[in-house]
Each structure stands twice: as C-alpha cells, then as structure tokens.
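>>> Compute the structure for the input listed below.
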Amino acid sequence: MSTVQANFGRATATGGAGRCVSRTVVLCRAQDTTGHASEAGVARRNLLLAGLAVLAPALAPAAANAGGVVEFWKGRQRANSAKFIAPIKVAQQRLETAASMLANGSSASDVLQLVRSSSLNCYAFEALPTDTLETRASLFTASSKLSDPCTFRIIIKNVTDFTDPEEKAAGSALLDSLIRSYQLLDSELEAAVEGSGAGSGRAGQQLATTLAITQDVESFVKRLLSA
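Got it, this is the predicted structure:
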C-alpha cells in the first residue's frame, strides 16, 4: 500500500501510486495495488463531514451578517408565522368577548378577569379572589423577575431580532403603548368594580382602544414576517 504525505496542499507519494487533490481543504487518498480506497481514509473523511455537520449550527450565529443565515432564520419565522399570530388572536377574541359582556351588563369583575387574561401576562395587578392558580403563578413570576412572562414582548422581540434599529424601536414603542392601555383599562374596570368609576362608558372606550392597539401589533408582526 502506498504512503501519501500532504502539507498544506503539497503532496508527495512514495512506494506506489498515489493521488492528492487540494483546494481550501486537502483531501488525500491512498490506493493499494488493487485500486480500492483506503478504509482509514474513508473513515477520516466521514468523521470530518460529521464534525462539520455538528459545528454548523454553532457557527451560524457568528455568520449572521453574511445574509444567508439571516434569510434562513426569517424563512423559518415565515413558516411558523401562525404560531406568532395565534396568541395575538386569542387576546383579541378575549377583548371582544369582554366588550360584549360589558355592553350586555355583565359584572365589571367578570369583565376585568377576562381583560387580564387577554393581556398575556404583560402587566402586573393585584390578584382577584376569583383568579385562577395559573394567573397567580404568572403574577408571582413577573414580580419575582425569574423570567419575562409577557407573550406580546416575546413575539415582538423574535420578529425584530434581525431588523434595523428603527424597527426595533417601533416594536418597543408599540409594546409600551399596549401595556399602558391595558393598565388604564384595568384601572377603569377596578373603579367600576368598587362602584367609584364613571360606569361602563369609560371602560368600554378604553377597551376599544386596547383592542385597536392589539390589531396594530398584529399588523406590525405580519409585516415583519413577510419582509
């Protein structure tokens, strides 16, 4: 069997036939007198390919500026766009139901509970006696800073990851506007629960404003996913 030595693209063969092909990666292949490829060479090649396959995901973030990885990531986001939009739709449906309940004379307490669940854990509030264990757990997580439970923030952060600073700022401003609107709505409904508010009129107006902002969030997310 021949011996092939390669040194950064320069190869010499002794004792028999040998081939070495080099570009940016040097691939040396030794042959025996029967013409069959060395099993050791094949094993090394397979090991190299397997190693590159393992390293590729780890190298991807470092190559984000190359464009290809960014486009791949955006493609994955587009393919999963329904998962980004679904929670926003849930929030909108709950707000619409809350508005209908308020207009039909349901108790402000029931409406407030539905509004709070529609916020997707994006603002802190005092738990009601009727709040579920899940709601109380989310409030505890938010107050303890263990993690960010705000689904709207998670969605906006994901869709603005590879955008320019202007889009990031627009997403942040939109989120702040939504949270402020929820907080105002919460205050109006709490006042109605305590009987010290101006009735359901102001709460209804603020509810409509909050719903409109969630629709703006949906449009913003869809626009970035389709970019």
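>>> Out of the helices and strands in the chain, which is least certain?
Using mean pLDDT, DSSP states H and E, strand 26-30 stands out as the lowest-scoring helix or strand of the chain, at a mean of 37.
>>> Ser109 - that's part of a strand, no?
No: under DSSP: H, G, I helix; E, B strand; the rest coil, Ser109 sits outside any strand and is assigned helix.
>>> how close does the spatially closest residue to it that is not a sequence neighbour get to Glu96?
Nearest non-adjacent residue to Ser109, counting by CB to CB, 6 or more residues apart in numbering: Val193, 5.1 Å away. C-beta here means a position set from N, CA and C on the backbone, and glycine is covered the same way. Per CB to CB, to the nearest Å, Val193 is found 21 Å from Glu96.
>>> neighbour-wise, which of those two wins?
A side-by-side neighbour count of Val193 and Glu96, using other CB atoms under 10 Å, places Val193 first with 16 against 13.
>>> check which helix or strand covers that one.
helix 165-194 (DSSP states H and E).
>>> After that helix, heading C-terminal, what element do we hit next?
Defined by DSSP H and E, the subsequent element after helix 165-194 is helix 200-226.
>>> Just the buried residues of that next one, please?
Neighbour counts using 16 or more other CB atoms under 10 Å place 200, 202-204, 206-207, 210-211, 213-214, 217-218, 220-221, 224-225 of helix 200-226 among the buried residues.
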